[in-house]
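Asker: Everything below, folded, please.
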Amino acid sequence: MVLYTCRIKCRVKDGTILPNYQTEGSSGADVCACLDAPVIIPPGGYGRLPTGLFLEIPPGYEVQVRPRSGLAAKFGVTVLNSPGTIDNDYRGEVQVILVNHGAKDFTVRHGDRIAQLVAAPVVRADFSDVEELSDTKRGEGGFGSTGI
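Answerer: Residues are numbered from 1 along each chain as shown. So this is what the prediction gives:
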């Protein structure tokens, strides 16, 4: 059951595959690589992959670029700056930065599903400078302070 719909206009290059939800309950729409030739990402390497998509995202929304769990589980490949953010005023081509944490070369071909896009509402913060912050149980405890 879809509760909200965010209409996103897409301009595409020839051969581009529009993002597609794979199941009725999918939160993310798979996005595909739009390549003239295969791209090899070596172990420990990364690559910026074009999608052929140019988006017009409505005000009040962003599109997040997230990894596909199957690529991570099977090949050790994920989105490097996850989640990536596509702001509603960006009009350039959507590109995905994949990193290969696996042990073998990873080849990306035209039409391969390389990430997923999630439309999300945006709330802007009003930051203010204050003398003190309220106390909490956690306090200044940071990385790992609550245990494993």
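Asker: can you give me the helices in the chain?
Answerer: Assigned by DSSP state H, the helices in the chain fall at 69-75.
Asker: which other residues reach stretch 25-37?
Answerer: Under the criterion C-beta atoms under 8 Å, 6 or more residues apart in numbering, residues 13, 15-17, 19-22, 39, 49-53, 65-66, 68, 94, 96, 108-118 lie in contact with stretch 25-37. Any C-beta I mention is one placed from the backbone N, CA and C, and that applies to glycine too.
Asker: At the geometric centre of the chain, which residue sits there?
Answerer: Closest residue to the average C-alpha location of the chain: Val65 at 1.1 Å, with C-alpha atoms, centre = their mean.
Asker: Buried ones in stretch 35-47, by neighbour count?
Answerer: With burial defined by 16 or more other C-beta atoms under 10 Å, the residues of stretch 35-47 counted as buried are Leu35, Val39, Ile41, Tyr46, Gly47.
Asker: From what I see, the second one and Val108 are in contact.
Answerer: Yes - using C-beta atoms under 8 Å, Val39 is in contact with Val108, at 4.7 Å.
Asker: got any residues that touch both of those two?
Answerer: Shared contacts of Val39 and Val108 (C-beta under 8 Å, 6+ apart): Ala33, Gly47, Leu49.
Asker: okay if I get the residues you listed as JSON lines plus distance to Ile86 and pLDDT?
Answerer: Shown next, in JSON lines, are these (distance: C-beta to C-beta, whole Å; pLDDT from 0 to 100):
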{"residue": "Ala33", "distance to Ile86": "16", "pLDDT": "98"}
{"residue": "Gly47", "distance to Ile86": "18", "pLDDT": "97"}
{"residue": "Leu49", "distance to Ile86": "14", "pLDDT": "98"}
